[in-house]
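A.B. asks: for reference, the sequence and a predicted model appear below.
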Amino acid sequence: MGILIRNADIVTLRKGDEEPFLGDILIDEGRIQEVGGSIDTESHEVINAKGMVALPGLVNAHTHGAMTLLRGYADDLPLNIWLEEKIWPLEEKLTPEDIYWGTMLALAEMIRGGITAFADMYFFMDEAARAVEEVGIRACLCRGLVAAGGGADKSLREADDFVSQWHGGAEGRITAMFGPHAPYTCPPEFLEETVSLAQDQGVGIHIHLGETKKEQEDIKRRYGRTPFEYVSDLGLFEQHVLAAHCVHLEEGDFKILMEAGAYVAHCPQSNLKLASGVAPIPEMVKMGIPVALGTDGAASNNNLDLFEEIRLAGVLHKGVSHDPTLIPARDALEMATIKGVEALGIEGVGPLQVGGRADLILLDFDKPHLAPLHHTIAQITYSAGAADVDTVIVDGKILMEGRELKTMDEALVRRMAQRRMEHLLEPI
Ligand SMILES: [Zn+2]
């Protein structure tokens, strides 16, 4: 049965649609069939959206879902120590079962926060894909690839098999990419091989790039070029690239990103928490480099709340540049929605318009912190939060309604995640 959303304040985010308008949205067979006006039908499940704002679903363009299990495990450390002494040793012990329940916990949190699609890079990705398939969210998944430890060939084969098996899976809700972790964990031959596999499979590449000053210095010392030049010279940008962070760039690096049409996943909160710095997003936007928003993993954030990233993207660059006109409210919201969909290489999803796949959310605006209402988009960017999400629809299916998750047993997920975390901390 299709869905009729009645009396919503609709923010389409379509080019040229500046003001929201009151109306209905008709959804059938996973697609938006009508938007606006009063729609007359009796054969649809009706959602009364009076007092609610409808907008495209949020897209988390960079995360490591199952890292929810490591939330709060190691804080207040520099990135290299955090990774090498805390995170990587624990990740060595992760089992497929951990990944399944950790991803389920991430999905519960993300759906509750209005996220309808996400880009994930981690291990045992078959388990993440299984969770995504069951729960009904949309995702762009890749196996994280690190050349160290002698398992390089095996990990490349696994990544290749994963793409073969899951790209276009779960009725088209899952897409796959290759996920070389970062320039400092992927030597040249390994990256070349990854690029070649991505080319053969016709899929994109998701990578951490230019995250820290240390990475920039180490790569320059090791290869005599910046991290961006290094991966560019190895052919990375011949594919669709989703580059997380991009905090430390030299002048030529901006040009590399621009000419490649690469997408940047800006993760302001993770960059702040790990003291990596502030990405030069206004400069990128000015050059036409497309920017999406990500939370990064829950171990470095420490949540998967994209509303916090929207607000940060909207205020951080104003503050550090002493310019209150930078990254206006709509730009910040577009980074978290339509730019995110493009960054993940997802087709058919975007602004709320007839014919598009029905990935959308309803925010309950009947709240003190959202009143009075002058500008709806500014209210979403600067005042709204994850707890304001009432309803989440992906591919025409309701995943949450009235803040109740419809496709998973949330209490069970929390219980199992706690159990997996305790198991991880047991001495071997
Ligand atoms: Zn990351």
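C.D. replies: Now that the structure is in, tell me what you want to look at.

A.B. asks: flag the shaky bits of the protein, pLDDT-wise.
C.D. replies: Low-confidence regions of the chain, defined here as pLDDT under 70, cover residues 149, 428.

A.B. asks: domain map for it?
C.D. replies: The chain breaks down by automatic domain parsing into domains covering 3-56+358-403, 58-343.

A.B. asks: wait, which of the ones you listed is closest to residue 421?
C.D. replies: domain 58-343 (4.9 Å; CB to CB). (Glycine included, C-beta is placed from N, CA and C.)

A.B. asks: could you count how many residues lie near residue 19?
C.D. replies: By the measure other CB atoms under 10 Å, the count of residues near residue 19 is 9.

A.B. asks: quick check: closest non-adjacent residue to it.
C.D. replies: residue 376 (8.0 Å; CB to CB, 6 or more residues apart in numbering).

A.B. asks: picking up where we left off before, redo the domains of the chain as a markdown table? Include distance to residue 425.
C.D. replies: A markdown table is the format used below for these (distance: least, CB to CB, whole Å):
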| stretch | distance to residue 425 |
| --- | --- |
| domain 3-56+358-403 | 28 |
| domain 58-343 | 8 |
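
A.B. asks: please identify the most buried of those domains.
C.D. replies: Of the domains of the chain, the one with the most neighbours on average (mean count of other CB atoms under 10 Å) is domain 58-343, at a mean of 21.

A.B. asks: on that earlier part again, hmm, the residue nearest to residue 19 is touching residue 21, no?
C.D. replies: No. Residue 376 sits out of contact with residue 21 when judged by CB atoms under 8 Å, with a separation of 10.2 Å.

A.B. asks: give me the common contacts of these two.
C.D. replies: Residues touching both residue 376 and residue 21 by CB atoms under 8 Å, 6 or more residues apart in numbering: residue 9.

A.B. asks: which ones are touching residue 383?
C.D. replies: Taking CB under 8 Å, 6+ apart, we find residue 383 in contact with 369-370.

A.B. asks: quick one: it and residue 312, what's the gap?
C.D. replies: Counting by CB to CB, to the nearest Å, the separation of residue 383 from residue 312 is 14 Å.

A.B. asks: now residue 339
C.D. replies: Taking CB to CB as the criterion, residue 339 is separated from residue 312 by 16 Å.

A.B. asks: likewise for residue 68?
C.D. replies: Distance, residue 68 to residue 312, by CB to CB: 20 Å.

A.B. asks: how about residue 1?
C.D. replies: Using CB to CB, one obtains 39 Å as the distance from residue 1 to residue 312.

A.B. asks: same deal with residue 106?
C.D. replies: Counting by CB to CB, the gap between residue 106 and residue 312 amounts to 20 Å.

A.B. asks: check residue 53 too.
C.D. replies: Between residue 53 and residue 312 the distance, using CB to CB, works out to 21 Å.

A.B. asks: so how far is residue 104 from the closest residue to residue 1 other than its chain neighbours?
C.D. replies: Nearest in space to residue 1, with sequence neighbours left out and distances taken as CB to CB, 6+ apart, is residue 45 at 5.3 Å. From residue 45 over to residue 104 the distance is 26 Å, taken as CB to CB.

A.B. asks: same question for residue 397.
C.D. replies: Distance from residue 397 to residue 104, by CB to CB: 17 Å.

A.B. asks: show me what contacts the closest residue to residue 146 other than its chain neighbours?
C.D. replies: Using CB to CB, 6+ apart and skipping the chain neighbours, the partner closest in space to residue 146 is residue 185 (4.5 Å). If a contact means CB under 8 Å, 6+ apart, then residue 185 has 146-148 as its contacts.

A.B. asks: hmm, back to that, hmm, the residue nearest to residue 1 is touching residue 4, no?
C.D. replies: Yes. With contacts defined as CB under 8 Å, residue 45 counts as touching residue 4 at a distance of 7.1 Å.

A.B. asks: on that earlier part again, dump the contacts of residue 185 to a markdown table, plus secondary structure and distance to residue 35.
C.D. replies: Below are the contacts of residue 185 laid out as a markdown table (DSSP: H, G, I helix; E, B strand; the rest coil; distance: CB to CB, whole Å):
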| residue | secondary structure | distance to residue 35 |
| --- | --- | --- |
| 146 | coil | 45 |
| 147 | coil | 48 |
| 148 | helix | 50 |
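
A.B. asks: for residue 369, what are its contacts?
C.D. replies: Counting by CB under 8 Å, 6+ apart, residue 369 makes contact with 383, 385.

A.B. asks: make it 10 Å
C.D. replies: Residue 369 makes contact with 379, 383-385, 387-388 under the criterion CB atoms under 10 Å, 6 or more residues apart in numbering.

A.B. asks: out of those residues, list just those in helices.
C.D. replies: By the criterion of DSSP state H, membership of these in helices covers residue 379.

A.B. asks: which two in the contacts of residue 369 are spaced the farthest apart?
C.D. replies: Put simply, by CB to CB the two of the contacts of residue 369 set farthest apart are 379 and 387, 14.5 Å from each other.

A.B. asks: which residue ranges of the stretch 201-350 of the chain form helices?
C.D. replies: Secondary structure of the stretch 201-350 of the chain, counting by DSSP state H, counting those that start in this stretch: helices at 213-223, 227-233, 251-260, 268-273, 281-287, 306-321, 329-335, 338-343.

A.B. asks: list just the one of the ones you listed that sits closest to residue 296.
C.D. replies: Across those (criterion: CB to CB), the nearest stretch is helix 268-273, sitting at 3.5 Å.

A.B. asks: only alpha carbons, please: show that closest one as CSV.
C.D. replies: Extracted in CSV, the C-alpha atoms of helix 268-273 (Å, rounded to 0.1, in the frame of the first residue of the first chain):
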residue,chain,number,x,y,z
PRO,A,268,33.7,18.8,11.3
GLN,A,269,33.0,17.2,14.7
SER,A,270,35.5,14.3,14.3
ASN,A,271,38.1,16.8,13.1
LEU,A,272,37.6,19.0,16.1
LYS,A,273,37.6,16.1,18.6
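
A.B. asks: what is it packed up against?
C.D. replies: Counting by 3 or more CB pairs under 10 Å, 6 or more residues apart in numbering; DSSP states H and E, the packing neighbours recorded for helix 268-273 are helix 79-81, strand 241-245, helix 306-321.

A.B. asks: quick one: which of the ones you listed is nearest residue 257?
C.D. replies: The stretch from those with the least distance to residue 257 (CB to CB) is strand 241-245; that distance is 7.1 Å.
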